[in-house]
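> below are the sequence and a predicted model; questions follow.
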Amino acid sequence: MKSMQKGFTLIELMIVVAIIAILAAIAIPQYETYITKSQFTEATTVATGVETDINLFWNQNGACPSNGANGFPAAVSYAGKYVATATIGAGSAATGATCDVTVAFKANSVSQPLQSASVLFQGSQTGGNFTWKCSAAAVADKYKPETCR
């Protein structure tokens with residue numbers, strides 16, 4: 001009588017382990033990039049909430065508001081899960097009249113590429129419209145949305 005072989009050979013098991021290792025080597029960095037991108041969007045969300053109020057203030061007064069004045073709360077009230085502060089202020093006179101919103105990420109509980117980094121949202125009036133630009137020099141482009149590159 002012939003006995004039938006049951007189970008997997010060593011080479012078959014090694015192939016399966018190799019495939020899983022390759023998939024993990026690709027998937028884990030992609031997941032970390034995805035997490036960092038999603039955390040970066042909180043800065044955009046915080047700034048967008050403030051931008052509407054700044055646009056209204058600018059249209060009524062022709063100047064930029066500041067934190068803790070003109071009905072705007074102090075910077076700490078703009079904090080989020082990943083965002084430490086969002087500060088409002090006027091931009092440099094050398095670059096033209098701008099209203100700046102600087103969003104700073106927390107030093108802990110945020111992805112390593114964003115720790116203590118900041119994002120500058122610069123609003124300016126051009127042709128009757130108030131437009132916003134985003135810049136974050138300390139953050140790699142692969143983590144930023146298209147509007148901040």
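On my side now, so go ahead. Quick caveat, the model's predicted, so the values are computed rather than measured. Numbers count the residues shown, from 1 in each chain.

> C-alpha only now, for contacts and for neighbours.
Noted.

> which helix or which strand is home to residue 60?
Assigned by DSSP states H and E, residue 60 belongs to helix 10-61.

> so the next helix or strand along the chain from that helix versus helix 10-61, what angle?
Once helix 10-61 ends, the next helix or strand along the chain (criterion: DSSP H and E) is strand 83-90. Following axes from the mean of the first three to the mean of the last three CA atoms, to 10 degrees, one obtains 30 degrees for the angle between strand 83-90 and helix 10-61.

> so what secondary structure elements neighbour strand 83-90?
helix 10-61, strand 98-105 (3 or more CA pairs under 8 Å, 6 or more residues apart in numbering; DSSP states H and E).

> most tightly packed of these?
Mean neighbour count, computed with mean count of other CA atoms under 10 Å, is highest for strand 98-105 among these, reaching a mean of 24.

> partner strands of that strand, with direction?
Applying DSSP bridges, strand 98-105 is found paired with strand 83-90 (antiparallel), strand 118-126 (antiparallel).

> including mean neighbour count, could these go into TSV?
Below are these laid out as TSV (neighbours: other CA atoms under 10 Å):
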stretch	mean neighbour count
strand 83-90	22
strand 118-126	20
